[in-house]
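>>> starting from these lines, generate the structure:
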Amino acid sequence: MLASVFNKSRPVNYVLIGVVLILSYFSYLLKDLSWTENYLLVAQKVGLLLLLAGALFLTNFITRRNNLSKANTYAMFLFMVFLILFPTTLVNINIIIANFFILLALRRLVSLQSLITPKEKIFDASFWIFAAAIFHFWCIAYIVLVFISIVFHVSRDYRNWLIPFIAFFGVFVLYTMIILMMGYDFVTTISDNIDVSFDFTYFENIYQNIALAIYSSIALLFAFPYIFSITNKPLNLQSSHKKIIYSFLIGVGIYVLSAHKNNSFLVFTFAPLAIMGANYFEAQENKWVREVAMGLIVLIAVFLFASQL
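Alright, predicted model coming up:
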């Protein structure tokens, strides 16, 4: 049974998740084979696959390294299931890159609770967030999580409050140099990325609509028990769990604000919700509840994925 398989952290689990990722990724790409005629596009598709694999392993690393769940691979597996549920994510280049950078930032922010080299972690997280904003502007909202982390851990040192601005300056200078070297108009390039839209009528088929409804239900199932369980967590881990909640809420905000949106914009919520899901399955004492819940989620995701091919 699925819940029993991923209840432990074993090499075979990583192999299974990797195989599922590769099969689902190339199955969706088979909808249009024009990319196979160009070596650069082939290299691009392989690179995106590696970034998706990196996102899976970063989710697992953040979860395990910071004791956000027990020794299992639930979070990694659930991230994979969410990718299957929203297959448009698999071909959205900017979103894949931006999410990978956000996970690099989240890794540094969650580990800030150790208070080891806090300034370096604040700078790294801020740098990755601003880098992500180049590919999807509203990722800049995650800078709020940097300041929340500073409040939680290192607010007394005024220099920590200045570090994000230094990171912004560094990314801004690099970005400006690149777009000017490429001959783009600076003002136009910036303004084109700063769009807001509350249009939610983007669905190309009914299955995308159903997938969003299912994902919203899963989010409610995982989030509410997680929020109310934080007070029962060890004191030294409570701030880390709160960051996961804030990360999820910011991800939802990005989806709501983004123009030209589709379901792939929910990718920023995948990692935090997967971590919440890992805690949900750990908390279920009844084995059959775990198995049935996990089985239903997977079956629905696979059905909707197949329906969108």
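>>> C-alpha coordinates for stretch 301-309, CSV please?
What follows is stretch 301-309, C-alpha atoms only, in CSV (Å, rounded to 0.1, in the frame of the first residue of the first chain):
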residue,chain,number,x,y,z
ALA,A,301,-4.5,12.8,-9.7
VAL,A,302,-3.7,10.0,-12.2
PHE,A,303,-7.2,10.1,-13.7
LEU,A,304,-7.1,13.9,-14.1
PHE,A,305,-3.5,13.7,-15.6
ALA,A,306,-4.6,11.1,-18.1
SER,A,307,-7.7,13.2,-19.0
GLN,A,308,-5.5,16.2,-19.9
LEU,A,309,-3.1,14.3,-22.2
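>>> residue 99 and residue 36, how far apart?
Note on residue 99: its distance to residue 36, by Cβ to Cβ, to the nearest Å, is 25 Å. Yep, even glycine has a C-beta here, placed from its N, CA and C like the rest.
>>> what of residue 193?
31 Å.
>>> looking at the two, which one has more neighbours?
residue 193 (15 against 12; other Cβ atoms under 10 Å).
>>> spatially, which residue comes closest to that one, not counting chain neighbours?
Leaving aside its chain neighbours, residue 193 sits nearest to residue 137 (4.2 Å; criterion: Cβ to Cβ, 6 or more residues apart in numbering).
>>> can you count the residues close to that neighbour?
Around residue 137 there are 21 residues (other Cβ under 10 Å).
>>> and if you look at residue 298?
19.
>>> cool, and the one 3 residues further on?
Neighbour count of residue 301, defined by other Cβ under 10 Å: 24.
>>> just checking, it touches residue 78?
No - look at residue 301 against residue 78 with Cβ atoms under 8 Å: they stay out of range, at 9.9 Å.
>>> got a list of what the residue nearest to residue 193 touches?
By Cβ atoms under 8 Å, 6 or more residues apart in numbering, the residues touching residue 137 are 193-195.
>>> tell me the spacing between it and residue 41.
For residue 137, the distance to residue 41 - Cβ to Cβ - is 25 Å.
>>> and what of residue 138?
Distance from residue 138 to residue 41, by Cβ to Cβ: 27 Å.
>>> which of those two has more neighbours?
residue 138 (23 against 12).
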